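Q: build the 3D model from these lines:
(4 chains)
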Number of protein chains: 2
Amino acid sequence: MKKRRIKLEDIARKLNISIATVSRALDKNPRVKLSTQKKVLETAELMGYMPNQIAKSLSSGKTNIIGVIIPRYDEPFFIEVCRGIDHYAREHNYKILISSSRNSFEFERENLMSFEKGLVDGIILSPTHETETFTHIRSIIKKGIPVVLFDNIKEEVSGADHVLIEDDKASFSAVEFLIKKGRKKIGFIGGIKEKKVFQDRFKGYLDAMRAYDIPIHEELILHCSSLERQFEDNEIQHFFNTINTTPDAIFTCTDNYGLLTMKTLLKMGYKIPEDISVIGFGDLGLGNIFVPSLTCVSQPNFEMGEKAAELLIAQFNESNEFNHVKKVIKLKTNLVERDST
Amino acid sequence: MKKRRIKLEDIARKLNISIATVSRALDKNPRVKLSTQKKVLETAELMGYMPNQIAKSLSSGKTNIIGVIIPRYDEPFFIEVCRGIDHYAREHNYKILISSSRNSFEFERENLMSFEKGLVDGIILSPTHETETFTHIRSIIKKGIPVVLFDNIKEEVSGADHVLIEDDKASFSAVEFLIKKGRKKIGFIGGIKEKKVFQDRFKGYLDAMRAYDIPIHEELILHCSSLERQFEDNEIQHFFNTINTTPDAIFTCTDNYGLLTMKTLLKMGYKIPEDISVIGFGDLGLGNIFVPSLTCVSQPNFEMGEKAAELLIAQFNESNEFNHVKKVIKLKTNLVERDST
DNA sequence: TACAATAATACAAACGTTTGCATTTTTTAA
DNA sequence: TTAAAAAATGCAAACGTTTGTATTATTGTA
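A: Alright, predicted model coming up:
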C-alpha cells in the first residue's frame, strides 16, 4: 500500500550497477562515463527519485541549515532582518530555521541548546534584553559552531562576528536635526532600559543636547517599561497626560513609539508638526501611511540580515574554525524626512 | 585542536558497556538497570554529550520538523499564522521551517520539491494567487507526506486538510453593518482578482448589497492590481482622484487598504467617519494606532496557525496516511467596531 | 600482441543513532 | 542447588548517503 521511497539502491539494482556509481552519476562526477550518467539520470527521473537530505547530511556532516534566534516574531524589524538572512542564504544554498526566544533569556538558552544537536551548521542570534551573560554563546562557539550576533549586543563575544547599527550616532543626528530646526524643548521616549540599543539611543540624545547646550528637561524623558504594545500605548498616553512642560519636539526610539506619540498628541489637540515635531526610529513602512507621515531614522534592516548571513557563511568556509578572527560590522543609518517635522 | 563531538560510543567505551545500553539509558528505557542509567546520565553530562539530531532522524525516519510555505514574509497575517503554527508545534516537540514562495507559483513548486527531500515530516502551505493547478500538491501527498492548506484555497485537494476563513460571510456582515448604519453609497476596494480570498470578499460585498437592495455603483469598485505597498497606495489615491460619485462608506479587503484609504481621504479633506466610513479586514494591530482607529473584520490568525499545526500533527499519528479523511475547518470572524465607522 | 596507462566501476567503511533479537546475568522458587 | 523465569545487557542490522581505495575494463603504444 504505502509507496516506499526510491533510493540509490533501487536505481542501482535496476541498472545493474553499484550504488557508488549511481551516487556519482547524480552528482555529475566526471569519474562516471557519460552514457552511464545519462542512463542514471533518466532512470532516477523515471522512478521519481528524490535524494534523502537527512542521509546526505549525516554522511557529509553538513545540513545546509542556518539557525536564527530572534527575540520575537511580531516585530517588523526582526522579520526584515530574517528576510535579509533568507535572501543571502538561499542564494548560497542554505535554508533558515527561525526560533523565537520570546524576550526570555531562558528560552534563548534553550533554543541555542537545541541548535547544538547538529541540526544547523551555524547560528545567527539577536540577544534578548534579559541577556546579560554570554557564556551560553561562548560554549556553542567552543564546540565549533559558527555564530554571528546582531543588534543589541551588550558584550562583545570573541569568536563571534557582530553586525550592528550605530545607534548612538543615529539618534545624535536625529536630535541634532530637531535642534537645527529650532526646537528647544525636546523630549525623549525610549524603551526598557535593559536593552542596549535603547541605552545607545538615549546616549545619542543626551550627547546631542549637550553638544548644542540645550537644557534637558528630565520631565520630558520617558523610558517605557514594557515590551507589549498595549502597555506601551498606555504608558505614553499617561506620560503626556502628566507632564507640565509642553515639548516642541519628541525623539522616539522606535517607529511604534513615534506613531503612538503622534496618536496621543493628535487626540490631545496638538498639531504636528506645527506645535510638536515627532521623530521615529526604524522606518518600517507604517510611518508612511500615518497622517502626518513620520520622519524617522532609517535602518538598513534587510542589509543587516544579508550581512549577518554573509559573515556566517564566510565562517563556514574558513579552514580552522577555532582561530576565527572576529569581525564587527557597523551599518550606517540615514534620516528620512517626512511630514512630522 | 578541533574538539570532536562526543557520541554514544565514547560514553560506552568509558563505562565499558555497549552503545545500545547507553542509547537506552539516555532514553530512560526501563530495560536498563537504574544504577546503569544513572551512571550513563552522569557520564553523558560530564562529557558534554549532545545527541546528533540528524542521526536520530535517519534512524527513526522522523525529523520533527514541519515545513511551512507562505506567499511572503512581510505580511503580518502570515507572520501571525506562523506564530500560531510555531506555538502549537513547539508544544508537541516540532520545529518549523518557513519558506516564502514570494507570490510565485514557480517558487511554491520549488519549495515544495525541496521539502520532498525528507527534511520535513509534513507541510503547511498557503497557495499563492498564481496557483491554479494543484498537481504539485497532490504529488506530494501521493508520496505519503501529510499536507495542510490554509487560506486562499482555490481548489479542494483530497487528502489534504484545509483551514480557512469564511471570507464571504465576513464581508457580508461588514457591509451589512454599514448598511444598517444608514450608508447607501458603499464602495469596495479589493485586491488582485486572482486571489480567492479577494473573490470571496467581493462576493460577500455584492451579496450584502443585493440582499438589502442597495444600488451598486460600478464606479466605486476598485480591484487593486498590484501586491506591492507603494503601488497599492498609488492605485488607491488615483482611484479617489478620478471617481465622480462621492461614497459615504468604503469596505476594503485588508487593513492596509483601509489605512491607505483613510490616509487618502483625510488628505483630500474628508472627515472620517462623518463624511465617509471605512472598514478594513484583518485586524493586525495597526488599525488601532491610526487616527481615527480603523473598524475592521477581525480574523483569528493565530488560531488559524494553531489549527493547521494541530491537523498536521494529527495526520502524523494516523496509522495509514493513504486513506486520510480530509478535514475542512472554517474559522469565524467578528467585526471590531472602532472610530472609522 | 602484450603491457602500461587510463578510464570506469565496485566494494566497503563511515556518519551516529535505534531496535529486534540473542545472550548473559541475576533473581526466584522448588 | 538447580532449573526456570526475569532482568540486564550486547550484537548487529538498518536508516540512505558519500568517498577512499581496490578492482576491472578499456584504451593507447611499442
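Q: ok, which stretches of chain A are helices?
A: Counting by DSSP state H, residue ranges of the helices within chain A are A:8-15, A:19-26, A:34-47, A:53-60, A:76-91, A:105-115, A:135-142, A:167-180, A:196-211, A:229-242, A:255-267, A:301-316.
Q: with mean neighbour count, mean pLDDT and distance to A:Phe150 added, can I get those helices in a markdown table?
A: For every residue, glycine as well, the C-beta is placed using N, CA and C. Shown next, in a markdown table, are those (neighbours: other C-beta atoms under 10 Å in any protein chain shown; pLDDT from 0 to 100; distance: least, C-beta to C-beta, whole Å):
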| stretch | mean neighbour count | mean pLDDT | distance to A:Phe150 |
| --- | --- | --- | --- |
| helix A:8-15 | 17 | 96 | 40 |
| helix A:19-26 | 19 | 97 | 37 |
| helix A:34-47 | 15 | 96 | 41 |
| helix A:53-60 | 18 | 96 | 26 |
| helix A:76-91 | 22 | 97 | 7 |
| helix A:105-115 | 19 | 96 | 14 |
| helix A:135-142 | 17 | 94 | 13 |
| helix A:167-180 | 21 | 97 | 13 |
| helix A:196-211 | 20 | 97 | 11 |
| helix A:229-242 | 15 | 92 | 23 |
| helix A:255-267 | 23 | 95 | 19 |
| helix A:301-316 | 22 | 97 | 5 |
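Q: quick one: which of those is nearest B:Phe202?
A: helix A:76-91 (28.7 Å; C-beta to C-beta).
Q: near chain B at all, that closest one?
A: Yes: on the criterion C-beta under 8 Å from any C-beta of the partner chain, helix A:76-91 is in touch with chain B at A:Pro76, A:Ile79, A:Glu80, A:Cys82, A:Arg83, A:Asp86.
Q: can you count the residues close to the residue lying closest to the last one once chain neighbours are set aside?
A: Spatial nearest neighbour of A:Asp86, excluding adjacent residues (C-beta to C-beta, 6 or more residues apart in numbering or on different chains): A:Ile96 at 5.3 Å. Counted with other C-beta atoms under 10 Å in any protein chain shown, the neighbours of A:Ile96 add up to 23.
Q: then A:Val297?
A: Neighbours around A:Val297, by other C-beta under 10 Å: 29.
Q: about what we covered before: distance to A:Ala249 added to the helices of chain A, as a markdown table?
A: Formatted as a markdown table, these follow (distance: least, C-beta to C-beta, whole Å):
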| stretch | distance to A:Ala249 |
| --- | --- |
| helix A:8-15 | 68 |
| helix A:19-26 | 64 |
| helix A:34-47 | 66 |
| helix A:53-60 | 55 |
| helix A:76-91 | 24 |
| helix A:105-115 | 36 |
| helix A:135-142 | 39 |
| helix A:167-180 | 5 |
| helix A:196-211 | 11 |
| helix A:229-242 | 14 |
| helix A:255-267 | 11 |
| helix A:301-316 | 25 |
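Q: closest one to A:Asp121 among the ones you listed?
A: Taking those one by one with C-beta to C-beta, helix A:301-316 is closest: 6.1 Å.
Q: which residues does the closest one contact?
A: A:66, A:77, A:80-89, A:92, A:94, A:121-124, A:146-148, A:150-151, A:161, A:163, A:165, A:282, A:284, A:321, A:324, A:327, A:329, A:331 (C-beta atoms under 8 Å, 6 or more residues apart in numbering or on different chains).
Q: and if you look at stretch A:46-55?
A: A:5-8, A:10-11, A:14, A:26, A:43, B:54, B:57-58, B:63, B:113, B:116-119, B:143.
Q: domain map for chain A?
A: A:8-51, A:60-164+A:301-331, A:167-298 (automatic domain parsing).
Q: buried residues in stretch A:181-201?
A: A:183, A:185-192, A:194-201 (16 or more other C-beta atoms under 10 Å in any protein chain shown).
Q: CA atoms only for stretch A:261-279 - export them in CSV, please.
A: What follows is stretch A:261-279, C-alpha atoms only, in CSV (Å, rounded to 0.1, in the frame of the first residue of the first chain):
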residue,chain,number,x,y,z
THR,A,261,3.1,59.5,20.4
MET,A,262,1.5,61.2,17.3
LYS,A,263,-1.7,59.5,18.0
THR,A,264,-1.8,60.7,21.6
LEU,A,265,-0.8,64.2,20.7
LEU,A,266,-3.3,64.5,17.9
LYS,A,267,-6.0,63.3,20.3
MET,A,268,-5.0,65.9,22.8
GLY,A,269,-5.4,68.5,20.1
TYR,A,270,-1.8,69.3,19.2
LYS,A,271,-0.8,70.0,15.7
ILE,A,272,2.0,68.0,14.2
PRO,A,273,4.5,69.3,13.2
GLU,A,274,3.4,72.9,13.9
ASP,A,275,3.2,72.5,17.7
ILE,A,276,5.3,69.5,18.2
SER,A,277,7.6,67.6,15.9
VAL,A,278,8.0,63.8,16.2
ILE,A,279,10.7,61.5,15.0
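Q: which ones are touching A:Ala44?
A: Per C-beta under 8 Å, 6+ apart, neighbours of A:Ala44: A:Ile6, A:Ile11, A:Val22, A:Leu26.
Q: try it again at 6 Å.
A: A:Ile11 (C-beta atoms under 6 Å, 6 or more residues apart in numbering or on different chains).
Q: for DNA strand D, see how far away it is.
A: 10 Å (C-beta to the nearest atom of the strand, to the nearest Å).
Q: same question, A:Thr333
A: 43 Å.
Q: same check, this time on A:Glu155
A: 38 Å.
Q: was I right about that residue contacting A:Glu132?
A: No: with contact defined as C-beta atoms under 6 Å, A:Glu155 does not reach A:Glu132; the gap is 8.1 Å.
Q: next, show the common contact partners of the two.
A: In contact with both A:Glu155 and A:Glu132: no residue, using C-beta under 6 Å, 6+ apart.
Q: please name the residues that touch the nearest residue to A:Asp275 once chain neighbours are set aside.
A: Nearest non-adjacent residue to A:Asp275, counting by C-beta to C-beta, 6+ apart: A:Asp248, 7.2 Å away. By C-beta under 6 Å, 6+ apart, the residues touching A:Asp248 are A:Arg183, A:Lys185, A:Ile276.
Q: check the gap between A:Asp248 and DNA strand C for me.
A: For A:Asp248, the distance to DNA strand C equals 63 Å [C-beta to the nearest atom of the strand].
Q: and what of A:Cys296?
A: For A:Cys296, the distance to DNA strand C - C-beta to the nearest atom of the strand - is 49 Å.
Q: same question for A:Arg24.
A: The value you get for A:Arg24 to DNA strand C, if C-beta to the nearest atom of the strand is used, is 7 Å.
Q: so for the nearest residue in space to that residue that is not next to it in sequence, what's the pLDDT?
A: Leaving aside its sequence neighbours, A:Arg24 sits nearest to A:Val32 (C-beta to C-beta, 6+ apart; 5.0 Å). pLDDT, A:Val32: 95.
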